[in-house]
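K.L.:
got a sequence here, can you model it:
(one chain, ligands or ions: 1)
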Amino acid sequence: MLNTNSEYLRPEIMDVLRAFGCEGEEFTHYFSYSGGKFFNTIEYNSEFYDFEDSFNPANDLEFKRYAKRFAKLAFYKVLSKARGIQLPWGALTGIRPTKLAVMEQTAGRDFKELFAKFGVSNENIQIVCDILAEQKPYRQGGKSLYVSLPFCPTKCDYCSFITAPIDKTGQYVDSYIDCLVREIAGAGAFADGVRSVYLGGGTPFVLSAEHLERVYKAVNSIIKQPVEYTVEAGRPDVFTEEKLNISRQNGVNRICVNPQSFNDETLVAIGRKHTAAQTLAAYQIAQKYGFDINIDLIAGLADEGVKEFEYSLKTAIALNPANITVHTLSLKAGAKLKENVKRLDIAQIGEMIALSRQMLSKSGYAPYYLYRQKYQAGGLENVGWCKPGKACVYNIDVMEELGDNIAVGANAISKRVFSAEERIERLAAPKDIPTYINKIDQIISKRIEFFK
Ligand code: SF4
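P.N.:
This next block holds a predicted model:
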């Protein structure tokens with residue numbers, strides 16, 4: 001239980017307590033500020049800890065930002081010492097470390113100093129530097145269009161996303177696509193300047209070729225300019241030549257093949273109904289159509305150790321895709337695997353991530369975007385890697401929040417980015433498919449109002 005005299009600091013402090021797995025323990029916290037000094041006192045296990053940090057905030061926003069950072073840092077120091085553990089991102093709990101680095105640079109400060117003060121490891125400071133260098137040619141930012149297709153063949157055990165198996169939601173597909181097509185047409189009024197389109201899942205390729213084609217035609221009726229066009233095709237058991245061909249003919253130039261692991265035992269253990277051989281076959285057909293391909297892998301799945309993860313990584317690298325994205329398992333509420341979270345060997349997952357950095361760099365890949373999620377094993381991260389010139393513009397724009405995101409479909413969250421004011425507005429659609437279908441008229445008019 002946390003007692004604090006500054007309620008607005010509670011969510012940030014709780015993030016640190018969660019990272020150390022001690023959100024149920026007793027803490028008393030007292031915060032004060034005077035003349036450029038931030039004071040945090042923490043009582044924990046009958047001991048008192050006092051911290052004093054100096055910083056002169058330029059305005060209220062900056063004051064709040066630093067009050068949060070110094071409070072988190074104080075808790076991090078207490079817990080890191082008590083537990084004898086240093087986290088790879090130290091006291092930084094936010095999901096976009098690269099965005100924070102850019103904010104520091106824009107304010108004329110060296111982000112490396114801030115990161116070091118907050119206990120971020122040298123390896124992570126270096127990867128942030130590498131990512132910022134890789135992103136440089138793309139950072140002018142642009143608008144993007146996201147289309148949500150929340151259907152999957154089966155539900156994976158670690159998944160907390162709203163998607164449901166198609167045998168339970170198949171009855172809604174026709175009406176869902178009708179609504180989506182209307183929504184996309186409505187988005188035409190503000191689609192000027194879109195530089196990337198992303199059809200995300202779920203598993204978009206679980207839909208029939210006819211349904212996919214209806215979505216593609218709707219997108220192509222509003223986007224006339226050449227764009228980066230990705231379909232998160234998904235699991236290999238739903239790939240067909242017909243779907244790949246239709247995708248290519250309708251302008252798709254990038255697809256995601258998501259094996260997560262190339263070990264058959266793991267695939268069975270996480271509830272996937274495909275084999276590694278199917279992934280390899282799907283990859284080969286996709287290659288024939290000339291797509292840039294992204295392969296997703298996850299570190300920390302089922303009972304995988306470093307050896308199994310290394311095998312998946314080697315197999316992915318041997319295929320030579322344009323992108324490889326290495327995720328760390330994140331178990332949120334809703335995931336069947338959540339009860340097993342304590343079994344995860346955090347040190348081992350850290351080793352897998354270090355190995356992925358080593359092997360991918362050696363194989364000619366550069367890291368180009370990074371994000372963290374709540375409940376991510378070991379407080380680690382997800383990193384997208386690319387071959388030279390093959391960074392995915394959509395991932396950079398959306399993760400770094402460089403431009404507006406027009407998002408359509410159930411559970412889609414549209415964003416308007418006001419960079420000069422450091423402000424972002426969001427508009428969320430209902431998560432649940434029947435509600436989305438019933439409220440489609442309201443959703444369309446709200447979005448028009450939002451982007452007006
Ligand atoms: S394929 Fe992806 S979205 Fe679908 S259930 Fe598995 S993890 Fe969730």
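K.L.:
next, Leu145: secondary structure please.
P.N.:
Here Leu145 is recorded as strand under DSSP: H, G, I helix; E, B strand; the rest coil.
K.L.:
around the ligand, which positions in this structure sit nearby?
P.N.:
152, 155-156, 159, 161, 163, 201-203, 234-235 (CB under 6 Å from any ligand atom). C-beta here means a position set from N, CA and C on the backbone, and glycine is covered the same way.
K.L.:
narrow the residues you listed to those in helices?
P.N.:
Within those, no residue falls in helices by DSSP state H.
K.L.:
flag the shaky bits of the stretch 351-452 of the chain, pLDDT-wise.
P.N.:
Counting by pLDDT under 70, the stretch 351-452 of the chain has low-confidence residues at 375-377.
K.L.:
all helices of the stretch 51-200 of the chain, in order?
P.N.:
Here the stretch 51-200 of the chain has its helices, by DSSP state H, counting those that start in this stretch, at 60-83, 97-106, 111-117, 122-135, 166-169, 173-187.
K.L.:
tell me the buried residues in stretch 193-204?
P.N.:
Neighbour-count burial for stretch 193-204, with 16 or more other CB atoms under 10 Å as criterion, is recorded at 194-204.
K.L.:
how about stretch 235-243?
P.N.:
Neighbour-count burial for stretch 235-243, counted by 16+ other CB under 10 Å, picks out 235-239, 243.
K.L.:
alpha carbons of that stretch, as CSV, please.
P.N.:
Presented in CSV, the C-alpha positions along stretch 235-243 are these (Å, rounded to 0.1, in the frame of the first residue of the first chain):
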residue,chain,number,x,y,z
ARG,A,235,0.1,-16.6,-38.9
PRO,A,236,1.3,-18.8,-41.8
ASP,A,237,-1.6,-21.3,-41.6
VAL,A,238,-3.8,-18.7,-43.3
PHE,A,239,-1.5,-17.7,-46.1
THR,A,240,-2.7,-18.5,-49.7
GLU,A,241,-1.3,-17.5,-53.1
GLU,A,242,-4.7,-15.9,-53.9
LYS,A,243,-4.5,-13.5,-50.8
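K.L.:
need the mean per-residue confidence for it.
P.N.:
For stretch 235-243, mean pLDDT is 92.
K.L.:
with stretch 18-36 instead?
P.N.:
Mean per-residue pLDDT for stretch 18-36: 91.
K.L.:
likewise for stretch 54-64?
P.N.:
The model assigns stretch 54-64 a mean pLDDT of 91.
K.L.:
distance between that stretch and the chain's centre?
P.N.:
Distance of stretch 54-64 from its chain centroid, counting by CA atoms, centre = their mean, to the nearest Å, is 29 Å.
K.L.:
got it, and stretch 133-144?
P.N.:
From the chain centre to the centre of stretch 133-144 is a distance of 17 Å (CA atoms, centre = their mean).
K.L.:
who touches that stretch?
P.N.:
The contact list for stretch 133-144 (CB atoms under 8 Å, 6 or more residues apart in numbering) reads 98, 191-198, 366-369, 386, 391, 393-394, 396-398, 400, 402-406, 417, 419.
K.L.:
re the thing from before, got the buried residues of stretch 235-243 as a markdown table, with distance to Asn40 columns?
P.N.:
A markdown table is the format used below for those (distance: CB to CB, whole Å):
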| residue | distance to Asn40 |
| --- | --- |
| Arg235 | 47 |
| Pro236 | 51 |
| Asp237 | 52 |
| Val238 | 52 |
| Phe239 | 54 |
| Lys243 | 55 |
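K.L.:
any idea which of those residues is closest to the ligand?
P.N.:
Set against the ligand, the nearest of the buried residues of stretch 235-243 by CB to the nearest ligand atom is Arg235 (5.5 Å).
K.L.:
ok, that closest one touching His274?
P.N.:
Yes - applying CB atoms under 8 Å as the test, Arg235 and His274 come out as touching, 5.7 Å apart.
K.L.:
show me what residue of the stretch 351-452 of the chain gets nearest to the ligand.
P.N.:
Here the stretch 351-452 of the chain gets closest to the ligand at one residue, Asn411, 11.0 Å apart by CB to the nearest ligand atom.
K.L.:
circling back: I'd like to know which of the contacts of stretch 133-144 are buried.
P.N.:
98, 191, 194-198, 366-369, 386, 391, 393-394, 396-398, 400, 402-406, 417.
K.L.:
out of the residues you listed, which are inside helices?
P.N.:
Checked against DSSP H, the buried ones among the contacts of stretch 133-144 include these in helices: 98, 393-394, 396-398.
K.L.:
can you give me the buried ones in stretch 73-87?
P.N.:
73-80, 87.
K.L.:
mind putting those in a markdown table, pLDDT included?
P.N.:
Shown next, in a markdown table, are these (pLDDT from 0 to 100):
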| residue | pLDDT |
| --- | --- |
| Leu73 | 96 |
| Ala74 | 97 |
| Phe75 | 97 |
| Tyr76 | 95 |
| Lys77 | 96 |
| Val78 | 97 |
| Leu79 | 95 |
| Ser80 | 93 |
| Leu87 | 89 |
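K.L.:
thought Lys112 was touching Ile125?
P.N.:
Yes - using CB under 8 Å, Lys112 is in contact with Ile125, at 5.5 Å.
K.L.:
how much space between the residue nearest the centre of the chain and Ala354?
P.N.:
Centroid-nearest residue in the chain, with CA atoms, centre = their mean: Tyr371, separated by 5.4 Å. Using CB to CB, to the nearest Å, we find Tyr371 at a distance of 18 Å from Ala354.
K.L.:
domains of the chain?
P.N.:
Recorded structural domains for the chain (assignment: automatic domain parsing) are 2-96, 136-408.
K.L.:
any idea which of the ones you listed is most buried?
P.N.:
Highest mean neighbour count among the domains of the chain (mean count of other CB atoms under 10 Å): domain 136-408, with a mean of 19.
K.L.:
what sits against Lys288?
P.N.:
When contacts are counted by CB under 8 Å, 6+ apart, Lys288 is found next to Leu244.
K.L.:
and it, how far from the ligand?
P.N.:
Note on Lys288: its distance to the ligand, by CB to the nearest ligand atom, to the nearest Å, is 23 Å.
K.L.:
check Tyr176 too.
P.N.:
Noted for Tyr176: a distance of 16 Å to the ligand, by CB to the nearest ligand atom.
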